[in-house]
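Trainee: pasting the sequence and the predicted coordinates here, then a few questions.
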Amino acid sequence: MAELLVKQGLKPIYFVATLLGIIPYNLENEKIRLSKWKVLQMVITFAIYVTTSILLGPATLHFDEDFAKIKTMIFVLMLQGYGHLVLIFLSIFASWFKSQKFLCEIYEIFKIDSELEKFGQKEKIIRVRWQHRRNLIFLMVIVLIVFNIFGSILSVYCFIPEGNWLHIFGVAYPQLITSCVSISYYLVTTMLQGRYKMINSILREKSKESRNIEDYITKSNFCQNMRLLVSLHKTLTKIARRINSLYSLHLLLWISINFGSMVGDLYMLFYSLLFKKLEMNPTINIIFVKNSINYGFNLFYVTKTTSDLCAEANKTKEVLVSVNIDIDEEDERNAVIASTLKLMQNKLEITACKLFKIDKGLLFSICGAASSYLFIMIQLDVGNQKNGTSATQETNYSM
């Protein structure tokens, strides 16, 4: 299997970002060079999006008056519209001022690979790099093509029968940009997680050998290798924290927008089903289901990838203390204890602007909060329905 270089590993996400017009530079070795043509493409693409949003305006549909009085619908529309607009500006700002830092971190990860090759990990490194590329392409197909492009076509078809490709572009473009940034975050976190797994795998092998071979600790330069692995672990943790700082604001806005939109769409879906509004406009429920699945999947893959990264990074100290050391080998024992204490004090946590941790607990919190909000809002609507308030009016629903 051929070795995968940095430029080849980034090629899928770089190609899509270039098509979207958010990459104003070319990759050359370890640096980026500003491209006048790509800057022009960025300006033209964004101008088309703004013009499309202004000229076409929202789609007008007829709903039951109960739908029109739902403040949640207005909130969801504003959250999606303004939220994605803020994320677009944030993405363009990051592409101008933070791309070089991101590229440097990727090259730092690949430099660590050269150190891991000293432990006989070259073949595994090559396999892991290609696996990350395959996973990246698969995720891009699911999110960008299935959810964003096909989902936008479905939305335009359901809400704007006379709509054209400009309507589809206006709906899909902001979703594609924000999803592209989140997928790039997914890529770098999986790369870091893969290197942590290699370090833990090497330490496990050393630990097993220490239990089977007499005087293994003193005969195999274990302490020297251990210090090198702990040093690589420390470097990876620094890279992970710098990556966290680069994506921190995006993660905060991305999670907030997806959570609020998911709760809003689920609420409107349940409202339509419980109060028999399905026959009023059945196509709207298809959009609610599609959007809810989309937002839920976005929250899942970002949160799970981050959680797995932190779990793998913080697992190393447990592997290290499992090494079998003779009680008489005081220097080796102290070296292991000191390394373990360093890892315990260097715990990795990924946060959203330090407001909350992104881990599996966040997924449970999201599910609990969504269920609570839905239950409360539906209960309030049940009370309103008993008061017999119903009519019909026109409302705007723009994707």
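Mentor: Thanks, I have the structure now.

Trainee: hmm, Glu3 and Trp130 touching each other?
Mentor: No - using C-beta atoms under 8 Å, Trp130 makes no contact with Glu3, being 9.4 Å away. In this view, the C-beta of every residue, glycine as well, is placed from N, C-alpha and C.

Trainee: which of those two has more residues huddled nearby?
Mentor: The neighbour count for Trp130 versus Glu3, taken as other C-beta atoms under 10 Å, is higher for Trp130 (16 against 11).

Trainee: who's in contact with Phe119?
Mentor: The contact partners of Phe119, by C-beta atoms under 8 Å, 6 or more residues apart in numbering, come to 202, 225, 229.

Trainee: now do 7 Å
Mentor: Under the criterion of C-beta atoms under 7 Å, 6 or more residues apart in numbering, the contact partners of Phe119 comprise Ile202.

Trainee: pretty sure Leu154 sits in a strand.
Mentor: No - assignment of Leu154 by DSSP: H, G, I helix; E, B strand; the rest coil gives helix, placing it outside any strand.

Trainee: what's the spacing between Ser152 and Trp130?
Mentor: Distance, Ser152 to Trp130, by C-beta to C-beta, to the nearest Å: 31 Å.

Trainee: try Val171
Mentor: Distance, Val171 to Trp130, by C-beta to C-beta: 34 Å.

Trainee: ditto for Gln224
Mentor: Gln224 sits 31 Å away from Trp130, going by C-beta to C-beta.

Trainee: now swap in Thr18 and tell me
Mentor: Counting by C-beta to C-beta, the separation of Thr18 from Trp130 is 22 Å.

Trainee: just Ile106 next, same as before
Mentor: For Ile106, the distance to Trp130 (C-beta to C-beta) stands at 16 Å.

Trainee: next one: Val319
Mentor: Counting by C-beta to C-beta, the gap from Val319 to Trp130 is 26 Å.

Trainee: what of Lys206?
Mentor: Taking C-beta to C-beta, one finds Lys206 at 26 Å from Trp130.

Trainee: likewise Asn148?
Mentor: Distance from Asn148 to Trp130, by C-beta to C-beta: 25 Å.

Trainee: Asn298 now?
Mentor: For Asn298, the distance to Trp130 equals 25 Å [C-beta to C-beta].

Trainee: try Tyr14
Mentor: 17 Å.

Trainee: burial measure for Leu374, as a count.
Mentor: Neighbours of Leu374 under the rule other C-beta under 10 Å: 16.

Trainee: tell me which helix or strand it sits in.
Mentor: helix 360-386 (DSSP states H and E).

Trainee: what is the rounded mean pLDDT of that helix?
Mentor: Predicted confidence along helix 360-386 averages 76 (mean pLDDT).

Trainee: for it, packing partners?
Mentor: If contacts are counted by 3 or more C-beta pairs under 7 Å, 6 or more residues apart in numbering; DSSP states H and E, helix 360-386 sits against helix 222-274, helix 282-314.

Trainee: in TSV: those helices, plus mean neighbour count.
Mentor: What follows is the helices and strands packed on helix 360-386, written out as TSV (neighbours: other C-beta atoms under 10 Å):
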stretch	mean neighbour count
helix 222-274	19
helix 282-314	19
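
Trainee: closest one to Leu10 among those helices?
Mentor: Distance to Leu10, taken as C-beta to C-beta, is lowest for helix 222-274 among those, at 14.3 Å.

Trainee: can you list the low-confidence ranges for this protein?
Mentor: Applying pLDDT under 70 to the chain picks out residues 1, 29-30, 55-77, 159-164, 210-222, 275-282, 323-333, 335, 380-399.

Trainee: repeat the analysis, applying 50 as the threshold.
Mentor: For the chain, the stretches with pLDDT under 50 are 59-64, 68, 389-399.

Trainee: nearest residue to the middle of it?
Mentor: For the chain, the residue sitting closest to the mean C-alpha position, by C-alpha atoms, centre = their mean, is Val302 at 3.4 Å.

Trainee: could you say which helix or strand holds the nearest residue to that residue once chain neighbours are set aside?
Mentor: Sequence neighbours aside, Ser182 is the residue nearest to Val302 in space, at 5.9 Å (criterion: C-beta to C-beta, 6 or more residues apart in numbering). According to DSSP H and E, Ser182 maps onto helix 165-212.

Trainee: and that helix, how far out from the chain middle?
Mentor: 9 Å (C-alpha atoms, centre = their mean, to the nearest Å).

Trainee: cool, and stretch 106-120?
Mentor: Distance of stretch 106-120 from the chain centroid (C-alpha atoms, centre = their mean) equals 24 Å.

Trainee: stretch 114-125 too?
Mentor: With C-alpha atoms, centre = their mean as the basis, stretch 114-125 stands 28 Å off its chain's centre.

Trainee: next one: stretch 369-378
Mentor: Stretch 369-378 has its average C-alpha position 25 Å from the chain's average C-alpha position, going by C-alpha atoms, centre = their mean.
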